[in-house]
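> Attaching a predicted model along with its sequence, questions to come.
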Amino acid sequence: MHQGVGPVFLWARKMAASGAEPQILVQYLVLRKDLSQAPFSWPAGAMVAQACHAATAALHIHRDHPHTAAYLRDLGRMRKVVLEAADESTLKELAETLQQSNIDHMLWLEQPENIATCIALRPYPKEEVNQYLKKYRLFK
């Protein structure tokens with residue numbers, strides 16, 4: 001054994017050899033792009049707040065799901081991906097598709113205006129939800 005090989009490396013090699021690699025969980029968010037543009041022109045802070053509200057709500061609502069519990073146990077390895085939806089109708093269509101497909105999510109409605117601003121999924125292995133999100137680009 002090489003001197004530079006420590007117990008963590010050996011553990012990872014053993015996990016890989018057994019096929020029992022830790023599952024990578026991702027929390028996906030889909031945020032309305034049009035809110036950052038005219039005529040809405042919401043500032044960046046307001047947009048970030050909407051994503052934070054949705055993410056927090058989804059984690060809270062689905063806190064008892066094993067994937068959420070695993071995601072929250074390892075805070076240093078959290079992964080989030082923020083995607084953009086063109087407008088409210090696109091966001092609501094996605095919410096309906098997710099609902100029909102039994103994908104756990106939260107559609108955040110900003111109050112008191114009742115405006116749909118963001119969807120947050122609970123943490124999922126990306127392979128389980130990629131088909132629903134592949135047409136959305138990273139939020140810019």
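Sure thing, it's come through.
> just so I have it, where are all the strands in this structure?
Along the chain, the segments classed as strands by DSSP state E run 25-32, 80-85, 105-110, 115-121, 124-125, 137-138.
> Could you report the neighbour count for Ser41?
9 (other C-beta atoms under 10 Å). To be clear about C-beta, it is placed using only N, CA and C from the backbone, and glycine gets the same treatment.
> The strands of the chain into JSON lines, with extra columns for mean pLDDT?
As requested, the strands of the chain are exported to JSON lines (pLDDT from 0 to 100):
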{"stretch": "strand 25-32", "mean pLDDT": "98"}
{"stretch": "strand 80-85", "mean pLDDT": "98"}
{"stretch": "strand 105-110", "mean pLDDT": "97"}
{"stretch": "strand 115-121", "mean pLDDT": "98"}
{"stretch": "strand 124-125", "mean pLDDT": "98"}
{"stretch": "strand 137-138", "mean pLDDT": "98"}
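> I'd like those as JSON lines, with mean neighbour count and distance to Asp74 appended.
Compiled in JSON lines, the strands of the chain are given as follows (neighbours: other C-beta atoms under 10 Å; distance: least, C-beta to C-beta, whole Å):
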{"stretch": "strand 25-32", "mean neighbour count": "23", "distance to Asp74": "9"}
{"stretch": "strand 80-85", "mean neighbour count": "18", "distance to Asp74": "14"}
{"stretch": "strand 105-110", "mean neighbour count": "21", "distance to Asp74": "22"}
{"stretch": "strand 115-121", "mean neighbour count": "23", "distance to Asp74": "18"}
{"stretch": "strand 124-125", "mean neighbour count": "18", "distance to Asp74": "14"}
{"stretch": "strand 137-138", "mean neighbour count": "9", "distance to Asp74": "23"}
